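Colleague: Here is my input, please return the structure:
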Amino acid sequence: MIYLELFLGFLKVGCFTFGGGYGAIPLIRDVVLSYGWLSEEMLTYMIAVGESTPGPIMVNLATYIGSSQAGILGAVIATLAVVFPSFVIILLITALLKTAIKNKYVQAVLRGLKPCVTGIVLATGLYMVFTNLFGSVSVFNTDIKALLIGAVLVLSMILFKLIAKKKLSPIMLIVLSAAAGIIVYGC
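Modeller: Next up, the predicted model:
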């Protein structure tokens with residue numbers, strides 16, 4: 001039964017996610033919480049880990065959740081389910097791309113999806129910021145340590161931009177946040 005649940009849950013994520021991994025997070029969250037596979041807090045941790053490891057976050061999360069719920073076979077099933085729709089869609093698109101991309105209705109659909117994806121990514125990012133810094137929506141509990149780390153990271157990004165005249169690498173941000181987490185939470 002768990003294998004079927006993993007397959008159907010992550011097939012749903014793969015079928016209805018637009019805009020890449022960040023766009024998938026709200027749907028993954030809904031699926032994972034509805035099946036009770038992870039708690040909200042554990043899912044947040046896994047999103048952070050999934051983002052800091054190589055590979056697409058959607059695949060990383062599916063693999064981890066599948067593994068935690070049903071071992072290696074569960075990881076394989078969840079991973080295949082989440083990538084299968086994209087695989088099929090890409091095959092179809094490559095076959096039809098030359099004519100479909102010029103179609104005004106296809107262009108209209110793509111233009112309509114852009115703001116939706118932007119809104120989903122923005123809402124997910126804001127939700128994660130607020131819940132990690134200020135607690136859940138129902139219980140307002142400010143995490144001063146998380147606010148401190150967030151402020152240091154934002155300040156680091158701004159100062160680096162002003163001094164070096166370029167953006168701070170995401171890898172460096174991950175390293176800085178990990179070091180700040182060890183210093184703030186480990187001591």
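Colleague: longest helix anywhere in the chain?
Modeller: What stands out as the longest helix in the chain, according to DSSP state H, is helix 57-100.
Colleague: which helices and strands sit right next to it?
Modeller: Packed against helix 57-100, as judged by 3 or more Cβ pairs under 8 Å, 6 or more residues apart in numbering; DSSP states H and E, are the following elements: helix 2-16, helix 21-35, helix 40-52. In this view, the C-beta of every residue, glycine as well, is placed from N, C-alpha and C.
Colleague: buried sites along the second one?
Modeller: Neighbour-count burial for helix 21-35 flags 21-29, 31-32 (criterion: 16 or more other Cβ atoms under 10 Å).
Colleague: other SSEs contacting it?
Modeller: For helix 21-35, the packing partners by 3+ Cβ pairs under 8 Å, 6+ apart come out as helix 2-16, helix 40-52, helix 57-100, helix 104-134.
Colleague: Alpha carbons of stretch 64-73, as CSV, please.
Modeller: As requested, the backbone C-alpha atoms of stretch 64-73 are provided in CSV (Å, rounded to 0.1, in the frame of the first residue of the first chain):
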residue,chain,number,x,y,z
TYR,A,64,14.5,11.0,0.7
ILE,A,65,10.8,10.7,1.6
GLY,A,66,10.4,7.5,-0.4
SER,A,67,13.5,6.1,1.4
SER,A,68,12.3,7.1,4.8
GLN,A,69,8.9,5.6,4.3
ALA,A,70,9.7,2.4,2.4
GLY,A,71,13.4,1.9,2.0
ILE,A,72,15.3,1.7,-1.3
LEU,A,73,12.3,0.5,-3.3
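Colleague: and the helices and strands packed on helix 21-35 as JSON lines, adding distance to residue 170?
Modeller: As requested, the helices and strands packed on helix 21-35 are arranged in JSON lines below (distance: least, Cβ to Cβ, whole Å):
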{"stretch": "helix 2-16", "distance to residue 170": "24"}
{"stretch": "helix 40-52", "distance to residue 170": "9"}
{"stretch": "helix 57-100", "distance to residue 170": "12"}
{"stretch": "helix 104-134", "distance to residue 170": "14"}
